[in-house]
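1. Provide a 3D model corresponding to the input given below.
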Amino acid sequence: MNSQPRVSDYMTIDLTLLRPEMRILEAMKVLLDKRISGAPVVDADGALIGVLSKKDCLRAALNAAYYQEWGCAVSGYMSAKVETMEAETDLVTAAGHFLASNFRRFPVVQDGRLVGQVSRADILKALLENWQ
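-> Okay, the predicted model is just below:
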């Protein structure tokens, strides 16, 4: 067994989750109230089907301003193509994923199921703790 620290050791597991049928205005309020930049979108079985970010919400707000209605559900604005990170990914590999990407956080999956989320700050903290 490899004793190297893994993403699963440092990820956040208490996530705010959104549903695809949720009204976009309601989802925006959730993100703002919880002061988070985005949240995973899961189906009725808990499978990850997308991510809704504040940028996606800004697109919805501009659309609402133009058409004078909020109209759409989360599924109409979320990013359906989601980059994830495996729970067993080692910290150095995880840091490399962040350096190669513009994303500030990744949903973490294990056996195809959403199990958490890891951020740049989580990986920085982990690297500092393990190699200080």
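2. how about the helices of this structure, start to end?
-> 24-34, 54-67, 91-99, 120-130 (DSSP state H).
3. what packs against the one helix or strand in the chain whose mean pLDDT sits lowest?
-> One helix or strand of the chain scores below all others by mean pLDDT, DSSP states H and E: helix 54-67, with a mean of 85. Counting contacts by 3 or more CB pairs under 8 Å, 6 or more residues apart in numbering; DSSP states H and E, helix 54-67 is packed against helix 24-34. Where you see a C-beta, it was placed from the backbone N, CA and C, and this is true even at glycine.
4. please identify the buried residues of the helix it packs on?
-> 24, 27, 28, 30, 31 (16 or more other CB atoms under 10 Å).
5. where does the last one land on pLDDT?
-> In the predicted model, residue 31 carries a pLDDT score of 96.
6. wait, doesn't it sit right on residue 51?
-> No. Look at residue 31 against residue 51 with CB atoms under 8 Å: they stay out of range, at 11.2 Å.
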